[in-house]
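Visitor: Pasting the sequence and the predicted model now:
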Amino acid sequence: MTKKLFLKTLGCAMNVRDSEHIIAELNRIERYDLTQNESEADLIIINTCSVREKPVNKLFSEIGQFAKHKKKSAKIGVCGCTASHLGADIFKRAPEVSFVLGARNVSKITQAINSEKFLDINIDHDESGYAFGEFRQNPYKAYINISIGCDKKCAFCIVPHTRGEEISIPHEIILKEAAKAAKNGAKELFLLGQNVNNYGRRLSGGKKGELNFSQLLTKIAEIDEVKRIRFTSPHPLHMDDEFLEVFASNPKICKSMHMPLQSGSTNILKAMRRGYSKEWFLERAKKIRQLSPIAAISTDIIVGFPGESEKDFEETMSVMEEVRFEQIFSFKYSARPLTLAAAMRDKVDIATAAKRLLKLQTRHAQILDEISSDYLETVHEVYFEEIRDGGFVAGRTSQNNAVCVKGGEELLGTFQNVKITQPQRLILYGQIA
Ligand code: SAH
Ligand code: F3S
């Protein structure tokens with residue numbers, strides 16, 4: 001009889017890929033089927049995110065709920081960044097937990113489930129050359145890790161403390177995985193790393209890689225079956241001309257660039273240790289729009305970082321007005337342990353941060369309404385990847401707009417020209433043209 005796995009994944013795309021690796025590794029030993037119902041699961045895993053405080057607090061109430069409803073024999077495990085960051089404290093606060101496995105230790109999952117109590121949160125463990133088993137949640141697009149860890153020390157960010165130093169995965173492994181995934185039907189690849197355009201800076205053991213990110217992109221695009229390439233996240237500091245030119249000119253690279261701004265104020269960027277100024281960011285965004293007028297630019301913004309004045313915040317608003325981001329992920333600053341910013345004085349009070357976030361999001365919703373109304377009656381090539389409720393099937397344009405049309409499985413894994421008939425802020429509805 002196959003066992004049942006309840007696996008909850010929080011956070012970023014890297015966690016989604018880590019969850020796929022967890023499933024693949026478990027299936028090497030015995031078959032696990034996924035279930036959405038924790039009460040019938042033989043194994044419950046929470047793959048956690050610790051970038052902001054809220055999900056960390058929620059974790060313990062969730063564990064309590066799982067413990068209440070689970071089968072008696074079922075084990076509960078905590079993986080991911082919060083596992084790395086809280087370690088053995090998790091056992092203290094939640095004795096129901098059997099194993100705690102850090103974000104850099106995914107390959108040890110079978111060891112973890114076979115031990116009475118298991119803890120491994122070593123952030124020096126190097127899985128950059130580990131051959132994980134095969135599992136993909138979606139056969140039409142494939143996540144592929146190109147590096148682990150992060151070498152930046154952004155003052156607000158806990159990730160370097162949970163995922164360790166940055167190591168690029170050898171390009172031979174990436175190219176092999178890319179070719180295999182594409183041959184198996186994933187025409188779209190999504191390359192993952194905390195800092196993808198720093199690719200090649202250091203391989204395991206300290207040697208420099210043979211290829212930089214631009215060269216890696218070019219090589220992957222040479223694989224026939226690969227039709228589309230996306231990546232996340234690049235860092236604005238490493239957006240050199242070579243990278244922007246490859247991005248703009250290679251037809252297989254999707255015209256969607258994530259450019260995490262964080263703040264529009266050069267002073268705050270300095271305090272955040274981001275390594276670029278407002279002017280550099282604006283100039284790079286302008287260059288992207290020049291080289292590829294169709295490209296969409298998305299971003300991450302933090303409001304209420306320590307010391308952020310009203311004037312600093314207005315600079316963030318002004319960058320938003322100038323770049324007119326197609327998508328923004330915006331957050332209130334959340335103090336994280338181990339980070340430089342946690343010790344900074346001059347904290348912004350919660351009410352001010354909330355007011356700024358609302359102002360930013362309200363104005364961005366207006367910008368989005370303006371942008372999306374321009375889509376009416378336009379035709380876009382869409383790659384379909386997912387069935388949605390109500391007889392819809394969903395896909396994405398090269399610019400990463402979600403598009404829904406009436407249809408079913410026959411459209412999955414195909415490219416179709418779609419005429420947009422009903423553009424909404426987050427989804428464009430249309431008909432096959
Ligand atoms: N290198 C990754 C960053 C991962 S964290 C990337 O570029 O995607 C993802 C986003 O969470 C960051 O870009 C930042 O906007 C936000 N974030 C990180 N730490 C935060 C904190 N302490 N408070 C609020 N938002 C934070
Ligand atoms: Fe975090 Fe900055 Fe790295 S946001 S993941 S430290 S690039």
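Guide: Great, that's in hand. Numbers count the residues shown, from 1 in each chain. Ligands and ions are numbered 1, 2, ... in the order given.
Visitor: Show me which residues of this protein are close to ligand 2?
Guide: 150, 152, 154, 157, 159, 160, 194, 195, 235 (Cβ under 6 Å from any ligand atom). Where C-beta positions appear, they are placed from N, C-alpha and C, glycine not excepted.
Visitor: Compare those residues and tell me which is most surrounded.
Guide: residue 159 (25 neighbours; other Cβ atoms under 10 Å).
Visitor: check the residues of the chain next to ligand 2 against ligand 1, which are close?
Guide: Among the residues of the chain next to ligand 2, ligand 1 is touched by 157, 159, 194, 195 when using Cβ under 6 Å from any ligand atom.
Visitor: Contacts only, for the last one.
Guide: To tie it back to what came earlier, the one meant is residue 195. 147, 150, 151, 152, 166, 233, 234, 235, 238 (Cβ atoms under 8 Å, 6 or more residues apart in numbering).
Visitor: Please tabulate these in JSON lines, including the columns distance to residue 81 and pLDDT.
Guide: Below are these laid out as JSON lines (distance: Cβ to Cβ, whole Å; pLDDT from 0 to 100):
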{"residue": "147", "distance to residue 81": "16", "pLDDT": "98"}
{"residue": "150", "distance to residue 81": "11", "pLDDT": "97"}
{"residue": "151", "distance to residue 81": "17", "pLDDT": "94"}
{"residue": "152", "distance to residue 81": "16", "pLDDT": "96"}
{"residue": "166", "distance to residue 81": "15", "pLDDT": "97"}
{"residue": "233", "distance to residue 81": "15", "pLDDT": "96"}
{"residue": "234", "distance to residue 81": "21", "pLDDT": "98"}
{"residue": "235", "distance to residue 81": "19", "pLDDT": "98"}
{"residue": "238", "distance to residue 81": "23", "pLDDT": "97"}
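Visitor: for the residues you listed, which one is nearest residue 91?
Guide: Residue 91 has its nearest neighbour among these in residue 150, at 27.0 Å by Cβ to Cβ.
Visitor: In this structure residue 367 contacts residue 327, no?
Guide: No - taking contacts as Cβ atoms under 8 Å, residue 367 lies outside contact range of residue 327: 10.5 Å.
Visitor: returning to that earlier point: can you name the two of the ones next to ligand 1 among the residues of the chain next to ligand 2 that are farthest apart?
Guide: It's 157 and 195 that sit farthest apart of these, by Cβ to Cβ, at 11.1 Å.
Visitor: shared neighbours, the two?
Guide: Common neighbours of residue 157 and residue 195 (criterion: Cβ under 8 Å, 6+ apart): residue 150.
Visitor: Run through the residues of the stretch 101-250 of the chain sitting next to ligand 1.
Guide: Applying Cβ under 6 Å from any ligand atom, we find that the stretch 101-250 of the chain lies next to ligand 1 at 156, 157, 159, 194, 195, 233.
Visitor: please redo it, this time with the cut-off set to 5 Å
Guide: 156, 157, 194, 233 (Cβ under 5 Å from any ligand atom).
Visitor: do the helix-or-strand element of the chain with minimal mean pLDDT and ligand 1 meet?
Guide: When each helix and strand of the chain is scored by mean pLDDT, DSSP states H and E, helix 53-69 comes last, with a mean of 91. No - judged by Cβ under 5 Å from any ligand atom, helix 53-69 makes no contact with ligand 1; its nearest approach is 8.0 Å.
Visitor: outside of that helix, which residues touch it?
Guide: With Cβ under 8 Å, 6+ apart, helix 53-69 has contacts from 6, 8, 10-11, 38-39, 44, 46, 48-50, 76, 78, 82, 86, 93-94, 96-97, 334-336.
Visitor: From the chain's centroid, how far away is it?
Guide: 22 Å (Cα atoms, centre = their mean, to the nearest Å).
Visitor: which parts of that helix are buried?
Guide: For helix 53-69, burial by neighbour count (16 or more other Cβ atoms under 10 Å) applies to 55, 56, 59, 60, 62, 63, 66, 67.
Visitor: Adding distance to residue 116 as columns, could you present those in TSV?
Guide: Shown next, in TSV, are the buried residues of helix 53-69 (distance: Cβ to Cβ, whole Å):
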residue	distance to residue 116
55	28
56	26
59	22
60	22
62	23
63	18
66	19
67	17
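Visitor: Just the pLDDT for whichever residue of the stretch 1-150 of the chain sits closest to ligand 1.
Guide: For the stretch 1-150 of the chain and ligand 1, the shortest gap (Cβ to the nearest ligand atom) falls at residue 51, measuring 4.5 Å. On pLDDT, residue 51 comes in at 95.
Visitor: how about it, secondary structure?
Guide: In three-state terms, and counting by DSSP: H, G, I helix; E, B strand; the rest coil, residue 51 is coil.
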